[in-house]
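In: what's the 3D shape of this:
(3 chains)
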Amino acid sequence: MSEIIVDAKGVSRTFAMAAGPVHAVRDVTLQIRAGDHVAVRGPSGCGKSTLLHMLGCVDAPSSGTLLFDGHDVSTLSDSKRSALRLKRIGFIFQRFFLLPMLTAAENVELPLSEAGASRKDRQARTKELLDYVGLAARADHRPSQLSGGEMQRVAIARALANSPQLLLADEPTGELDEATGAQIAALLDRVNADGTALVIVTHDQALAGRARRVLTMRDGRIEREAAR
Amino acid sequence: MRALGFAWRSLVRQPARAILGVLGVAAVGALLFDMLLLSQGLLVSMRDLLDRSGWDIRVSAGELPGRGGRVPAATRTAERIITLPSVKSVLIVRLANARIESPSGSPIAATFEGVRGYARPGDRISHPWTVTRGRDAGGASETVIDSAIAKAANLQIGSLITLRASCIGDREALPPAQLRVVGIAEFPFRGTDEDAMAGSLDALKAACGGNVGDEADLLLVTSVSEATATAAAIRDAVPDLYAMTNDEVVGRLQQTGFSYFRQISAVLTTVTITFAVLLITVLLTVSVNQRLGEIAALRALGFSRSRVVADVLSESALIVGSGGLLSLPLGMLLASGLDRILKGMPGIPAELHFFVFEPTALAVHIGLLVATAILAALYPMRIVSSLPIAATLRDEVIG
Amino acid sequence: MPAVASAEAGSILISRQLAAERGLVVGSIVQLATDAAGARAREFRVAGIYEPTPDPARLGAVPREVRMHLPDLLEFTRSPDLPTGSEYISDINVALVDPADAVAFSRDVNARMPGVIARPSSEAAGSAGPFRVLERFHLAIAVVTIVAATVFLLALTIMLVDERRETVGILRLIGLPARRVLVQVLIEGVIVAGAGAVFGLVLAVLSESLINTFFQWRYDTALVFVRITRDVALTSAAIAVPLGASATVIASWALLRRSGLRLARR
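Out: Next up, the predicted model:
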């Protein structure tokens, strides 16, 4: 059995709103192991993204325990959580969130620079990643000069910069057409095959179908888990 | 990429807004710099002017030289003062209003300075004017004039100048007197709109009709060493008179006429900084609010809170730093213009300046700009530091 | 000062500042002399304490003033060797039945009495050189402030207009002409600039009382240092509102030069 990266037991997340509390995630128990390929599906507002944010230590559960690599996330300081995200977790977003004033290569270099890598190491790793995602020739292009699919590939390269154990993707093909989405799906498969655990939140049936575990959520709970 | 490099890239991403922000800081910074120059400028300039005159004590009948009447028995007083061991030289100064005949028919109004000096053997007596052409006036029929009179009355060195002078101040109908122009001089204590001429006390008395009494408007004294001790000795010797060192004169002026400029400088400095902080805060806040999604994404990727805060502070530092650098030459240019305006005040000596560059002003300027950059960044730094990552990411998708 | 009343003591008025400094009250008897040695000192009774008319030319100086009847002053200051009637005065203030006659009256006096200079008070005040210079100085400062504010305003409006780039792009895509969008922006700009101008004036009025209070305390004077007149308010609004509206229009115009598709695209 591969090692457990994330161990969530009875985690819930409640948001206090003016109209009353919103229980976005209720009592979820879940383990993500090294090399897992998990898809999380469900209708809008079922808590998929909220769960993803908690798994990625971006948000803290209101109750329950969430261990990342054996550490209770709720006891970690903000700087320690940031360090965790920087070195162990990668994020991909629906809106890409590439920095428009930086080139593709500079966007990929950002997490490496923040992690303190030397210039030589940063440049080597950036080249390696851009090759990996098939965009070596576009290294000096800015996001405005790239297509949607290319931007998402740069985002994937950026997310892999510090060789994370876990890659979290929130609707990675949400703004892409079917064909481009399929390319991204294939790339994510490859990332997973190369050893990185993958958790994808998606509406995309085809993307979800490629995962080995599919969690279906409704009303903040995991309604069903299917394994392939 | 370090915070400064990141901030630079963020700024050049929107060049129009960055340039305008920098120009705005430059304009405000120029005004701030000028107010700092103004706050001490007049005092520094006056002190410098007084020190350069070569005289370090002024003896007068009133609290401030030029006010409170004349020094009576001026000759006896000067002779008394020169005997003091700490006194090097004494100069009696008497002023008269002169009206000089000119070829155009309209007389030229001028101030006539008549002087008589007393010095120890071997010591020189300097006059409160500087001869630029010709020689200084010595005899009872000689005078030096300023270049404006020379031009207006078409006079050269060697010319005869015809004038009517009034030494008492009342309206007098005196016959014209003639003096020979032996030199052209600069009078640093005369205003830019005032014409001046000078000569010996005897020449002045002759021009005034002879019977003017033994009074002086002012006695100028040079000390052997320390002016304060010499001034104290003079006060002991002539207790009815006021003996003030240059520092004391400046100090007194600071309390009266000059204080307005210090006050206005303080008020405008405060207003300028407040203005700058508010405007840069708004610029940065709007900029940050437009990039919340990016910032949340960076935080999600592992950028620490301190890093994103440092990015905002660096942006503020770049805008204020660039604008601040530009504000220095702009400020000097503006200061020369403002100085020219203020020197139009009647009675301001030609060589007195309101805006004087001092290294301390520059240091204070830099300090204030640094404080401005930090203060202006406080609110946007707070926004990014307390940014809820998950909620922001969610809002970006919905938005 | 002796408190013994003298039957022959003339009466004087003294300034509030002098009274406070010397601890004098109405009824105090003081001795006045024309020289520091105290020669020919005479007694006077303090008949009243007055607030000196603030004199901007003497800002910072403490007004230690004494007022007495002219005959007393002339008698008091006349040199003993000069005969009575040889004294002179420096100024005569004249109040006319119709103040509008001041210029003509002055001209008349100047023509009839050579050696005397007559001029209307308004001219005397206006020819106060230092204050004209200060006016120019303040105007120069105001111009620099307006330039700086305009630059910042332009930067801010560019940013704020840019925030609505997508909305503007969509409006253009659905067929609204650029002019229509500009008119909309202009109306908004005028409203915002107008509101800003009103707010600025309110702030100025508040600052006016603060500044006056401070400087009046600082210099112990009743002089008014800042006054927001109707003209000042109107001039400020006349500068601020068009500047604000223009900045918005300029920023929007720069934006509208791009195609609607480019604007609407994220």
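
In: Please name the nearest non-neighbouring residue to the closest residue to chain A within the stretch 101-250 of chain C.
Out: Closest residue of the stretch 101-250 of chain C to chain A, CB to the nearest CB: residue C:162 (12.8 Å). (Glycine included, C-beta is placed from N, CA and C.) Nearest non-adjacent residue to residue C:162, counting by CB to CB, 6 or more residues apart in numbering or on different chains: residue C:255, 6.9 Å away.

In: Wait, that neighbour touches residue C:161, no?
Out: Yes - Residue C:255 lies in contact with residue C:161 (CB atoms under 8 Å); the separation is 5.6 Å.

In: quick one: common contacting residues for the two?
Out: The contact sets of residue C:255 and residue C:161 overlap at residue C:168 (CB atoms under 8 Å, 6 or more residues apart in numbering or on different chains).

In: hang on, the earlier thing: show me which positions of whichever strand or helix holds the residue nearest to residue C:162 end up buried.
Out: Assigned by DSSP states H and E, residue C:255 belongs to helix C:230-256. Applying a neighbour-count criterion of 16 or more other CB atoms under 10 Å in any protein chain shown, one finds C:233, C:236-237, C:240-241, C:243-252, C:255-256 buried in helix C:230-256.

In: Check stretch A:46-66 too.
Out: Neighbour-count burial for stretch A:46-66 [16+ other CB under 10 Å]: A:46-59, A:61-62, A:64, A:66.

In: Can you show me the CA trace of it as CSV?
Out: Extracted as CSV, the C-alpha positions of stretch A:46-66 are listed here (Å, rounded to 0.1, in the frame of the first residue of the first chain):
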residue,chain,number,x,y,z
CYS,A,46,-21.9,20.5,-3.6
GLY,A,47,-18.6,21.5,-2.0
LYS,A,48,-16.1,20.1,-4.5
SER,A,49,-13.8,23.1,-4.7
THR,A,50,-14.1,23.7,-0.9
LEU,A,51,-12.9,20.1,-0.4
LEU,A,52,-10.1,20.7,-2.8
HIS,A,53,-9.0,23.8,-1.0
MET,A,54,-8.9,22.0,2.3
LEU,A,55,-6.8,19.1,0.8
GLY,A,56,-4.4,21.7,-0.6
CYS,A,57,-4.1,23.5,2.8
VAL,A,58,-5.5,26.7,1.3
ASP,A,59,-8.5,26.5,3.6
ALA,A,60,-8.8,25.0,7.1
PRO,A,61,-11.6,22.6,8.1
SER,A,62,-14.1,23.9,10.6
SER,A,63,-14.1,20.5,12.3
GLY,A,64,-12.5,17.2,11.9
THR,A,65,-8.8,16.4,11.3
LEU,A,66,-6.8,16.8,8.2
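
In: is chain B contacted by that stretch?
Out: Yes - judged by CB under 8 Å from any CB of the partner chain, stretch A:46-66 comes into contact with chain B through A:49-50, A:53, A:56, A:58-59.

In: Quick one: distance of that stretch to the chain centre.
Out: Its chain's C-alpha centre and that of stretch A:46-66 lie 13 Å apart, by CA atoms, centre = their mean, to the nearest Å.

In: Next: stretch A:165-185.
Out: Distance, centroid of stretch A:165-185 to centroid of chain: 10 Å (CA atoms, centre = their mean).

In: Same check on stretch C:15-23?
Out: 27 Å.

In: now stretch B:39-52: mean pLDDT?
Out: Averaging pLDDT along stretch B:39-52 gives 86.

In: What residues sit buried inside that stretch?
Out: For stretch B:39-52, a neighbour-count test (16+ other CB under 10 Å) marks B:39-50 as buried.

In: Next: stretch A:82-101.
Out: A:82-99, A:101.

In: Show me where chain A has its helices.
Out: Assigned by DSSP state H, chain A shows helices spanning A:48-55, A:78-88, A:104-114, A:119-132, A:148-159, A:178-193, A:205-209.

In: out of those helices, nearest to chain C?
Out: Per CB to the nearest CB, nearest to chain C of those: helix A:148-159, 10.6 Å.

In: Quickly check: that closest one near chain B or not.
Out: Yes - Helix A:148-159 is in contact with chain B by CB under 8 Å from any CB, via A:158-159.

In: before we move on, back to that, make JSON lines from the helices of chain A and add distance to residue C:195 and mean pLDDT to it.
Out: Shown next, in JSON lines, are the helices of chain A (distance: least, CB to CB, whole Å; pLDDT from 0 to 100):
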{"stretch": "helix A:48-55", "distance to residue C:195": "40", "mean pLDDT": "92"}
{"stretch": "helix A:78-88", "distance to residue C:195": "40", "mean pLDDT": "90"}
{"stretch": "helix A:104-114", "distance to residue C:195": "42", "mean pLDDT": "92"}
{"stretch": "helix A:119-132", "distance to residue C:195": "50", "mean pLDDT": "94"}
{"stretch": "helix A:148-159", "distance to residue C:195": "41", "mean pLDDT": "94"}
{"stretch": "helix A:178-193", "distance to residue C:195": "48", "mean pLDDT": "91"}
{"stretch": "helix A:205-209", "distance to residue C:195": "51", "mean pLDDT": "88"}
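
In: Next, format these as JSON lines and append distance to chain C.
Out: Compiled in JSON lines, the helices of chain A are given as follows (distance: least, CB to the nearest CB, whole Å):
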{"stretch": "helix A:48-55", "distance to chain C": "19"}
{"stretch": "helix A:78-88", "distance to chain C": "25"}
{"stretch": "helix A:104-114", "distance to chain C": "17"}
{"stretch": "helix A:119-132", "distance to chain C": "24"}
{"stretch": "helix A:148-159", "distance to chain C": "11"}
{"stretch": "helix A:178-193", "distance to chain C": "17"}
{"stretch": "helix A:205-209", "distance to chain C": "22"}
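
In: can I get the ones you listed in JSON lines with distance to residue B:307?
Out: Formatted as JSON lines, the helices of chain A follow (distance: least, CB to CB, whole Å):
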{"stretch": "helix A:48-55", "distance to residue B:307": "20"}
{"stretch": "helix A:78-88", "distance to residue B:307": "8"}
{"stretch": "helix A:104-114", "distance to residue B:307": "7"}
{"stretch": "helix A:119-132", "distance to residue B:307": "16"}
{"stretch": "helix A:148-159", "distance to residue B:307": "16"}
{"stretch": "helix A:178-193", "distance to residue B:307": "26"}
{"stretch": "helix A:205-209", "distance to residue B:307": "32"}
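
In: To residue C:10, which of those helices lies closest?
Out: Closest approach to residue C:10 among the helices of chain A is made by helix A:78-88 (84.1 Å; CB to CB).

In: can you list the residues of chain C near chain B?
Out: Those residues of chain C that sit near chain B, judged by CB under 8 Å from any CB, are C:36-37, C:59-61, C:88, C:115, C:129-130, C:133, C:136-137, C:140-141, C:144-145, C:147-149, C:151-152, C:154-156, C:158-160, C:162-163, C:211, C:215, C:218, C:254.

In: May I have the beta-bridge partners of the residue nearest to residue A:36 when sequence neighbours are not counted?
Out: Distance criterion CB to CB, 6+ apart; nearest residue to residue A:36, sequence neighbours excluded, is residue A:197 at 4.6 Å. In this entry, residue A:197 is beta-bridged to residue A:166, by DSSP bridges.

In: Residue ranges in the stretch 1-150 of chain B under the pLDDT threshold?
Out: B:64-68 (pLDDT under 70).

In: no wait, the stretch 51-200 of chain C
Out: C:56-60, C:82, C:84-88, C:115, C:123-129.

In: now the strands for it?
Out: Using DSSP state E, counting those that start in this stretch, the strands found in the stretch 51-200 of chain C span residues C:66-68.
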